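> sequence and predicted structure, then a few things I'm wondering about:
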Amino acid sequence: AVVYNPDTGRYARYNCSLSHKGPLVFAAYSLDPRMRVGIDIERRSWRLPYLGRRFISEHDKLMDTGDRIGECTVLWAFKEAATKLLGVGMAYGLCNVQCRENGLGKCELRDAGGTHYSGQYMWFGKYALAVVTDMPAMQTEKNAAPRKGAAYSWRERMSRARRLRTIRKQRNIAARLEALKTEERDDKAAEEMDD
């Protein structure tokens, strides 16, 4: 895609991917011209486990959550995002893409040619959002040291924001409970003084 950058006043070509499902639209682009990106949105459906034999291979492995429909939804989203990254679409065959979850929400994918890709997913209500990119050079080197001050991925930022909101809600609830207890103690003390 060609995008206008107001900071430089120039147009730049970026690798991008678009997806939509129901009321959601999802877009991603890569600032690095060597890094391709593919995305997909898939809605949870009871039909996906029945279609599993058509797109799930014996090499696919997600963390066991006990949610077969969710696992199939995530696998479909990853595999379709990978075919978008490759630029071949569904004709490539989703069984040719292998997916292994190596951390919560993070997967390593491999195509039929043995090329590795990096993937991340998250849930947005009943929708699985998957992003697949070329494997960064630093991850392909076995002994590469992690960068200092590396920015968090979008998945990690979303997860951190949710945790912070939950902590803030819990603190607000605890503060309100403490205020009610204090008020109740003051009321009891006032009643005892009146008697």
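That came in fine, so what should we check first? Residues are numbered from 1 along each chain as shown.

> immediately after the least confident helix or strand in the chain by mean pLDDT, which helix or strand?
Using mean pLDDT, DSSP states H and E, helix 137-140 stands out as the lowest-scoring helix or strand of the chain, at a mean of 48. Note on helix 137-140: by DSSP states H and E, the next helix or strand toward the C-terminus is helix 154-194.

> taking the mean pLDDT, what do you get for that following helix?
Summarised as a single mean, pLDDT over helix 154-194 is 82.

> which strands and helices sit next to it?
Secondary-structure packing of helix 154-194 (3 or more CB pairs under 8 Å, 6 or more residues apart in numbering; DSSP states H and E): strand 116-124. Where C-beta positions appear, they are placed from N, C-alpha and C, glycine not excepted.

> give the buried residues for the strand it packs on.
By neighbour count on 16 or more other CB atoms under 10 Å, the buried set for strand 116-124 is 117, 118, 119, 120, 121, 122.

> list the contacts of the second one.
By CB atoms under 8 Å, 6 or more residues apart in numbering, residue 118 lies in contact with 106, 107, 108, 109, 132, 133, 134, 135, 136, 139.

> who does it bridge with?
Counting by DSSP bridges, residue 118 forms beta bridges with residue 108, residue 133.

> now it: how far from residue 22?
Distance, residue 118 to residue 22, using CB to CB, to the nearest Å: 27 Å.

> next: the third one.
Look at residue 119 and residue 22: by CB to CB, they are 22 Å apart.

> cool, and the first one?
Summarising the geometry, the distance separating residue 117 from residue 22, computed by CB to CB, is 26 Å.

> please apply the same query to the last one.
According to CB to CB, residue 122 and residue 22 sit 17 Å apart.

> again with residue 125
Per CB to CB, residue 125 is found 10 Å from residue 22.

> before I go, just wanted to say thanks for your time.
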